[in-house]
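Colleague: From the sequence below, what's the structure:
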Amino acid sequence: MMEMSAASARPLAIFNAVDTHDPAAAEYEVARIFCAHRLTPLRPAAPGFHAVHNTARFDGFSVNYVAYGSAVEIDPGRLDRFFLLQIPLTGAADVICGTTRVAASPQTATLLSPTLPTLMTWHDGCGKLIVLIDRAVVERHLAALIDRAADDVEFDACVPLANTIGQAIRAHAMLMQEAANRSVVMPAGSGRLVQRELRNGLVGLLLTGLAHNRSALLAHAVGAPAPGHVKRVEDFLRSHPDRAISVSELAAIAGVSLRSLQDGF
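Modeller: Numbering: from 1, shown residues only. Purely as a prediction, here's the structure:
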């Protein structure tokens with residue numbers, strides 16, 4: 001009963017995918033969710049090892065809770081297909097991503113980029129909220145912001161959570177966790193829309209709030225002229241400041257889909 005109670009108290013418990021005391025089984029099962037990696041307990045016989053992976057998958061991203069109980073080394077090499085925002089909820093970890101070393105804790109998250117090699121040591125009791133975002137989603141979002149193709153985005157792996165941007169990122173990730181829990185009772189259509197907007201909101205926060213190798217392009221793009229359909233809406237709103245109007249009506253005025261209007265803004 002106590003074991004069941006502890007399991008149900010873990011974040012995203014209704015999405016449990018891995019629950020094992022066997023390191024080899026954990027390596028295999030977690031690899032099926034994330035990517036191939038080497039998982040090595042740091043003490044003989046792995047006392048206290050208990051791998052738990054809860055994962056809720058949506059369009060272009062997933063929200064995860066991962067813990068291993070005892071200290072482990074995790075070597076995934078390059079992630080290739082996705083970015084990983086890792087926020088320790090308990091415990092600590094040492095993370096190397098590219099040439100950057102980060103002492104991760106509930107005060108310091110990490111953002112792993114797919115083109116940079118990663119090596120991690122999770123210490124006893126480390127449990128993380130992890131948001132996986134498909135690489136293509138981030139690259140498409142940046143391309144829309146700078147109006148040109150963008151690939152091989154590489155972030156500074158260290159994400160301090162005490163400053164304004166860090167607090168916003170953590171709060172948004174926690175909101176995504178809560179939305180994932182609620183998704184099981186939401187209508188399919190509205191649920192997908194909510195998840196997509198939450199995903200895009202986080203990607204926007206990461207790209208505009210954190211340092212990365214394309215930051216200069218993004219800063220230059222801030223002064224670029226708005227697309228014509230965005231200008232039409234802006235002109236209409238300036239001319240009718242007191243009129244109540246829905247976003248669908250604005251899309252009709254712009255002459256584009258609601259999705260295109262949102263992306264334009």
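
Colleague: Pull out the buried positions in the top helix by length along the chain.
Modeller: Assignment by DSSP state H gives helix 188-209 as the longest helix of the chain. Residues of helix 188-209 classed as buried by neighbour count (16 or more other C-beta atoms under 10 Å): Gly191, Val194, Gln195, Arg196, Leu198, Arg199, Asn200, Leu202, Val203, Leu205, Leu206, Leu207. Glycine gets a C-beta too; all of them are placed from N, C-alpha and C.

Colleague: So which other helices or strands are in contact with that helix?
Modeller: Contacts defined by 3 or more C-beta pairs under 8 Å, 6 or more residues apart in numbering; DSSP states H and E place helix 188-209 against strand 51-58, strand 61-67, strand 82-90, strand 127-134, helix 135-146, helix 164-182.

Colleague: Save these as CSV, and put in distance to Asp156, mean neighbour count and mean pLDDT too.
Modeller: Listed next are those as CSV, based on distance: least, C-beta to C-beta, whole Å; neighbours: other C-beta atoms under 10 Å; pLDDT from 0 to 100:
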stretch, distance to Asp156, mean neighbour count, mean pLDDT
strand 51-58, 26, 21, 97
strand 61-67, 21, 24, 98
strand 82-90, 13, 21, 98
strand 127-134, 16, 22, 98
helix 135-146, 15, 18, 94
helix 164-182, 12, 17, 96
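
Colleague: For Glu234, find the nearest of the ones you listed.
Modeller: Among the helices and strands packed on helix 188-209, the nearest to Glu234 by C-beta to C-beta is helix 135-146 (17.7 Å).

Colleague: Describe which strands the helix or strand that comes right after that closest one pairs with in its sheet and in which direction.
Modeller: Next along the chain after helix 135-146, taking DSSP states H and E as the criterion, comes strand 158-160. When pairing is defined by DSSP bridges, strand 158-160 lines up against strand 108-112 (antiparallel).

Colleague: re the thing from before, and the helices and strands packed on helix 188-209 as TSV, adding distance to Asp75?
Modeller: Below are the helices and strands packed on helix 188-209 laid out as TSV (distance: least, C-beta to C-beta, whole Å):
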stretch	distance to Asp75
strand 51-58	16
strand 61-67	15
strand 82-90	14
strand 127-134	16
helix 135-146	20
helix 164-182	24
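
Colleague: so who does the closest residue to Leu202 other than its chain neighbours touch?
Modeller: Spatial nearest neighbour of Leu202, chain neighbours left out: His172 (5.1 Å); criterion: C-beta to C-beta, 6 or more residues apart in numbering. Taking C-beta atoms under 8 Å, 6 or more residues apart in numbering, we find His172 in contact with Leu198, Gly201, Leu202, Leu205.

Colleague: what residues are up against the first one?
Modeller: I take that to be Leu198. His172, Leu175, Met176, Ala179.

Colleague: at 6 Å instead, please
Modeller: Met176, Ala179 (C-beta atoms under 6 Å, 6 or more residues apart in numbering).

Colleague: gap between it and Ala56?
Modeller: In this view, Leu198 and Ala56 are 12 Å apart by C-beta to C-beta, to the nearest Å.

Colleague: before we move on, the earlier item: kindly reformat the buried residues of helix 188-209 as JSON lines containing distance to Phe83.
Modeller: As requested, the buried residues of helix 188-209 are arranged in JSON lines below (distance: C-beta to C-beta, whole Å):
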{"residue": "Gly191", "distance to Phe83": "23"}
{"residue": "Val194", "distance to Phe83": "21"}
{"residue": "Gln195", "distance to Phe83": "17"}
{"residue": "Arg196", "distance to Phe83": "17"}
{"residue": "Leu198", "distance to Phe83": "15"}
{"residue": "Arg199", "distance to Phe83": "12"}
{"residue": "Asn200", "distance to Phe83": "14"}
{"residue": "Leu202", "distance to Phe83": "10"}
{"residue": "Val203", "distance to Phe83": "9"}
{"residue": "Leu205", "distance to Phe83": "13"}
{"residue": "Leu206", "distance to Phe83": "8"}
{"residue": "Leu207", "distance to Phe83": "11"}
